[in-house]
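Asker: give the three-dimensional model of this entry:
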Amino acid sequence: MNQLEQLAMEAEKCGCRVFRDEPMSRHTTFKIGGPADLFITVRSRAAIQKVYRAAHELEIPLLPIGNGSNMLVSDEGIRGAVVAFDGEFHEIKQNADGTVSCGAGVSLAGVCVFAREHSLAGLEFAWGIPGAAGGAAFMNAGAYNKEMKSVLVSCTHITKLGEISTLSGEELQMGYRHSAYTDNGCTILSLTLGLRPGNREEISAEMDDLYSRRKSKQPLEMPSAGSVFKRPEGHFAGALIEGCGLKGRAVGGAMVSPKHAGFIVNTGGATCRDVTELIKIIQDTVYKQTNVMLECEVKTIG
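Answerer: Modelled structure (predicted):
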């Protein structure tokens, strides 16, 4: 029995669902990506500890994912195991001190709805941001001049050795599309948010307004990984790309969105190679014409 099968058996013993050679195109918002050797869905902290410890002993790399946004998976797929979250990692609750705790696998949209239903303000900016709560904390997701940094109190995580711990406050090292977790190799399991009491109707109205603005400007109707490039200092990536005449530029099934040049969309059958080639064209063209080098925000994996 090889090491992957040993990990699969250990995962199944503790109640995880395990899929072999699972196409990652089924699990990414880009709808792109070859097969993962193993795709493991965990439902509890006890189970994920066993999976992480077994993977460490067997020297099998693990890739945790949320909703599969902000990632571009290789056409050749992912060697090792992908870990997805279910069960207790999809729970949301309001604590006695008024904070809100949620599992890393909850969609950010789901947390926004929970906050609205409990008349809690502060997370309206996140309504419409794709992805899971854990991923949003990991990359300090933001929109409309606000970020997760403004509401994130703490994160509980698991190390590669299967040990569970917590970071809070300044330990989280939140910056532009950055947190301590972008460097430390740990996986966020849950997070606690500090929201404030608000008026439900006002919260709902702001969410509706921000989503309408997002929908009118962004290609939400087509598969993408979200905004492709980080905001360069003093500029907006989309404006630079549009100014260079690249709206609608395509390679294979990948195209610079005619609606918002900061997005690359999958028009049907796009491959990772199509997207990476188009990214290179964009970067080279923008640098040549503006002397600004665009830095990719989307993570290429596999």
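
Asker: please count neighbours and contacts with C-alpha atoms only from this point.
Answerer: Will do.

Asker: what pairs with the host helix or strand of Gly226, and is each one parallel or antiparallel?
Answerer: Using DSSP states H and E, Gly226 sits in strand 224-227. Sheet pairing of strand 224-227 (DSSP bridges) gives strand 263-266 (antiparallel).

Asker: neighbouring contacts of the partner strand?
Answerer: With contacts defined as Cα atoms under 8 Å, 6 or more residues apart in numbering, strand 263-266 is touched by 30-31, 218-219, 222-228, 238, 253-257, 275.

Asker: just the mean pLDDT for it, thanks.
Answerer: Mean pLDDT, strand 263-266: 97.

Asker: over to stretch 71-83?
Answerer: On average, stretch 71-83 scores 97.

Asker: now do the buried residues in that stretch.
Answerer: For stretch 71-83, the neighbour count (16 or more other Cα atoms under 10 Å) marks Met71, Leu72, Val73, Ser74, Asp75, Gly77, Ile78, Arg79, Gly80, Ala81, Val82, Val83 as buried.

Asker: looks like the second one contacts Ile32 (just checking).
Answerer: Going back to what we said before, that points to Leu72. Yes. Leu72 is within contact range of Ile32, at 6.9 Å (criterion: Cα atoms under 8 Å).

Asker: now the common contact residues for the two.
Answerer: Contacts common to Leu72 and Ile32, judged by Cα under 8 Å, 6+ apart, are Cys272.

Asker: packing partners for the helix or strand of the chain with the lowest mean pLDDT?
Answerer: Least confident helix or strand, the chain: strand 142-143 with a mean of 86, by mean pLDDT, DSSP states H and E. Other helices and strands packing on strand 142-143, by 3 or more Cα pairs under 8 Å, 6 or more residues apart in numbering; DSSP states H and E, are absent; none qualifies.

Asker: what does that strand contact?
Answerer: Strand 142-143 has contacts (Cα under 8 Å, 6+ apart) with Phe125, Ala126, Ile129, Met148.

Asker: out of the residues you listed, which one has the weakest pLDDT?
Answerer: Among the contacts of strand 142-143, Ile129 has the lowest pLDDT, at 88.

Asker: and that one, what does it touch?
Answerer: Contacts of Ile129 by Cα under 8 Å, 6+ apart are Leu108, Ala109, Gly142, Ala143.

Asker: filter those residues down to the buried ones.
Answerer: Neighbour counting with 16+ other Cα under 10 Å marks Leu108, Ala109, Gly142 as buried within those.

Asker: Glu5: which of those residues is nearest?
Answerer: Using Cα to Cα, Leu108 comes nearest to Glu5 of the buried ones among the contacts of Ile129, at 33.4 Å.

Asker: low-scoring stretches of this structure, by residue?
Answerer: Low-confidence segments of the chain (pLDDT under 70): 1.

Asker: hang on, the earlier thing: how about residues contacting the next helix or strand after the strand holding Gly226?
Answerer: Once strand 224-227 ends, the next helix or strand along the chain (criterion: DSSP H and E) is helix 237-243. Applying Cα under 8 Å, 6+ apart, the contact partners of helix 237-243 are Phe229, Lys230, Arg231, Lys247, His260, Ala261, Gly262, Phe263, Ile282, Val286, Thr290, Leu294.

Asker: quick one, phi/psi of the third one?
Answerer: For Arg231, the backbone dihedrals (degrees, to the nearest 10) come out as phi -70, psi 120.

Asker: how many residues are close by the residue lying closest to it once chain neighbours are set aside?
Answerer: Residue nearest to Arg231 in three dimensions, not counting chain neighbours: Ala237, with 5.6 Å by Cα to Cα, 6 or more residues apart in numbering. Ala237: 24 surrounding residues under other Cα atoms under 10 Å.

Asker: secondary structure element holding Asp183?
Answerer: Per DSSP H and E: Asp183 is located in helix 181-184.

Asker: got the CA positions of that helix in PDB?
Answerer: Provided in PDB are the C-alpha atoms of helix 181-184 (Å, rounded to 0.1, in the frame of the first residue of the first chain):
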ATOM      1  CA  TYR A 181      -1.000  32.900   7.700                       C
ATOM      2  CA  THR A 182       0.400  33.800   4.300                       C
ATOM      3  CA  ASP A 183       3.800  33.100   5.800                       C
ATOM      4  CA  ASN A 184       3.500  30.700   8.700                       C
END
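
Asker: list the buried residues of that helix.
Answerer: With burial defined by 16+ other Cα under 10 Å, the residues of helix 181-184 counted as buried are Tyr181, Thr182.

Asker: what's the next helix or strand after that helix in contact with?
Answerer: Once the chain leaves helix 181-184, the next helix or strand it forms, by DSSP H and E, is strand 187-193. With contact meaning Cα under 8 Å, 6+ apart, strand 187-193 is reached by 64, 89, 99-105, 133-134, 137-138, 151-160, 181.
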